[in-house]
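Q: coordinates for the following, if possible.
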Amino acid sequence: MPNAQDYLVDVAELITLPDIYIAIKETIEDPESDMKELTEVISIDPAISTRLLKIANSSFYGQVADIDSLNRAVSLLGTKTIHDTVLAITLSHVFQSMVGVNFDVPSFWQNSIMRGVVAKSCAKELKIHDPDRLFILGLLSNIGHMVMGIRDPILMQKVMVQHQKTGYPIHLFERSTFGFDYAELGADILEGWSIPNSIISGIRYQNCPEIAPEFKQEAAIVYCAARLRPDEDEFPNMIDGETLIQSSIDHFDYDHVRNEAKVLYIEALSLLPIPQLKVAV
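A: This is a model prediction of the structure:
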């Protein structure tokens, strides 16, 4: 049986974060740097600069004014949003380069964007401060599943058959087959990249948010994002109300979340495109 450490070793070859992301992350974390220096680092990569300008002018982030310079875009978005957005952009490029592997990358990215927008919609429904940070959390929440599917497609196929036959959550079959699940592996991968702990914890405990030692509400939102799909006419009865209550969430207007996610999905898809991506809603 494979173990999680084997997968973490393979990830270094499977997914390499681009130098531009590393440079931006280091600049943001450097207490001596300022917005001017950050803008200069970002401007090294024209594709990232153009994308950030587009995002700064998008309704996805609630902008209404015309932002015509990278300086203004950086100032408006702020360091946290820039970090999360650049991470999402660079990962979308990494995933794009993996289209040739034995894994349906377009469908995976479609599902990841959908999780992201549902997570953001949930955060807005709950009036959580800075709901945009939940988008990146939802976007990255399934990365462990992708790595497991690419590295061991036969074992993952076995898991998928069991999941489809029984309807039980997929992470239960992953644990019995692999010895760990996609949430644990995904959190370990992100931990190795020194991603903020609020994201790591939210992903690690997404299937059991009630036991998360911290960032319990974030984990509960990802729990919902994996189970509430805006393209489904009927909401599947997969969310346990008691789990949400134990995670400090006592109410949800699911229809409102789903309807808002449909709108956000189209906008997010234009900001984080990938070839061959299917339009789901």
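Q: check the secondary structure at the residue lying farthest from the centre of the chain for me.
A: Distance from the C-alpha centroid of the chain, by Cα atoms, centre = their mean, peaks at E32 (29.5 Å). Using DSSP: H, G, I helix; E, B strand; the rest coil, the structure places E32 in coil.
Q: buried ones in stretch 128-145?
A: Neighbour-count burial for stretch 128-145, counted by 16 or more other Cβ atoms under 10 Å, picks out 131-145. For every residue, glycine as well, the C-beta is placed using N, CA and C.
Q: same check, this time on stretch 239-250
A: Here stretch 239-250 shows I239, T243, L244, S247, I249 as buried, counting by 16+ other Cβ under 10 Å.
Q: again, but for stretch 173-189
A: Using 16+ other Cβ under 10 Å as the test for burial, stretch 173-189 gives 173-175, 177-178, 180-189.
Q: between those, which sits nearest L91?
A: Using Cβ to Cβ, I189 comes nearest to L91 of the buried residues of stretch 173-189, at 11.1 Å.
Q: in the chain, where's the longest helix?
A: Longest helix in the chain, counting residues (DSSP state H): helix 70-96.
Q: show me what the helix or strand that that one is followed by packs onto, helices and strands only.
A: Counting by DSSP states H and E, the next helix or strand C-terminal to helix 70-96 is helix 105-125. On a contact count with 3 or more Cβ pairs under 8 Å, 6 or more residues apart in numbering; DSSP states H and E, helix 105-125 meets helix 70-96, helix 132-140, helix 143-151, helix 216-225, helix 254-271.
Q: ok, which of the ones you listed comes nearest A123?
A: Closest to A123 of the helices and strands packed on helix 105-125, according to Cβ to Cβ: helix 132-140, at 4.0 Å.
Q: out of the buried residues of stretch 239-250, which are inside helices?
A: Counting by DSSP H, the buried residues of stretch 239-250 contribute T243, L244 to helices.
Q: spatially nearest residue to the spatially most central residue of the chain (excluding sequence neighbours)?
A: By Cα atoms, centre = their mean, the chain has its centre lying nearest to L139, at 1.6 Å. Nearest non-adjacent residue to L139, counting by Cβ to Cβ, 6 or more residues apart in numbering: G116, 3.7 Å away.
Q: next: L38.
A: That would be T27: by Cβ to Cβ, 6+ apart, it lies 5.1 Å from L38.
Q: same thing with L76?
A: Closest residue to L76 apart from its sequence neighbours, by Cβ to Cβ, 6+ apart: A56 at 5.4 Å.
Q: repeat for L272
A: Nearest residue to L272, sequence neighbours excluded (Cβ to Cβ, 6+ apart): S92, at 4.9 Å.
Q: tell me the pLDDT of I274.
A: pLDDT recorded at I274 is 62.
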